[in-house]
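**Student:** I need the structure of the sequence given here:
(chains A and B)
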Amino acid sequence: SQQGEEDPQALSIQEGENATMNCSYKTSINNLQWYRQNSGRGLVHLILIRSNEREKHSGRLRVTLDTSKKSSSLLITASRAADTASYFCAVQGSGTYKYIFGTGTRLKVLA
Amino acid sequence: GAVVSQHPSWVICKSGTSVKIECRSLDFQATTMFWYRQFPKQSLMLMATSNEGSKATYEQGVEKDKFLINHASLTLSTLTVTSAHPEDSSFYICSATGQGLADTQYFGPGTRLTVL
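**Tutor:** Numbering: from 1, shown residues only, chains lettered A, B, ... in the order given. Modelled structure (predicted):
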């Protein structure tokens, strides 16, 4: 079964607004990663956050991790039309090497 | 750094034929490679994990004889879809991780397979 469930499934915002996506999982993890996928393309790695970390930043991206709630969020600030894509979380369960992907959030940023 | 390529990027084949997809790590040694399958507007489903020089580990429900995986070197893994049928049509994506990459998986651009 998939470990990661994301919400919302789809999100449509205006350029300049912030976008927040959430990922929930079921078991303890080593780390959690966020990826971006443009339509029909491969995945681009955004941020990796380890189980002992609570927050990480990369440019306009901010990722938080709450292991007590088994959830993570990805915040994109000051969104741009070019941010339009699908965003996936992927969790690596404790004691495993493989990653299980979430259901994804389709973000559309309107110019 | 940490670039993964896939070849071909798309392939169309007739039902019953076999198709081989290559996944290469271009600038690092990939100790582990993963193969995923993605249906339109859906998430990635892990098919199998391969380590260089050993047999692949398949996920539950994935037919080993249908999807042959070979990880012959630290830079190359191949997925062969044998006797392909229309239901095998999908987007296949590989990823790789290696020493010094801090657990990060790097993904190839994907291969779109269409079986007629």
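
**Student:** Contacts only, for residue B:98.
**Tutor:** B:25, B:28-32, B:74 (Cβ atoms under 8 Å, 6 or more residues apart in numbering or on different chains). Backbone N, C-alpha and C define where each C-beta goes, glycine included.

**Student:** Give me the neighbour count for the closest residue to residue B:39 other than its chain neighbours.
**Tutor:** Ranked by Cβ to Cβ, 6 or more residues apart in numbering or on different chains and with sequence neighbours excluded, the top spatial neighbour of residue B:39 is residue B:90, at 5.9 Å. Residues within reach of residue B:90, counting by other Cβ atoms under 10 Å in any protein chain shown, total 21.

**Student:** do residue B:24 as well
**Tutor:** By the other Cβ under 10 Å criterion, the neighbourhood of residue B:24 contains 19 residues.

**Student:** Secondary structure element for the most far-flung residue of chain B relative to its centre, which one?
**Tutor:** Most distant from the centre of chain B: residue B:100, at 22.0 Å, with distances by Cα atoms, centre = their mean. For residue B:100, there is no helix or strand it lies in under DSSP states H and E.

**Student:** Which pLDDT value does the model give it?
**Tutor:** At residue B:100, the pLDDT value in this model is 74.

**Student:** excluding its backbone neighbours, what's nearest it?
**Tutor:** The spatial neighbour of residue B:100 that comes closest, neighbours along the chain excluded (Cβ to Cβ, 6+ apart), is residue B:28 at 7.5 Å.
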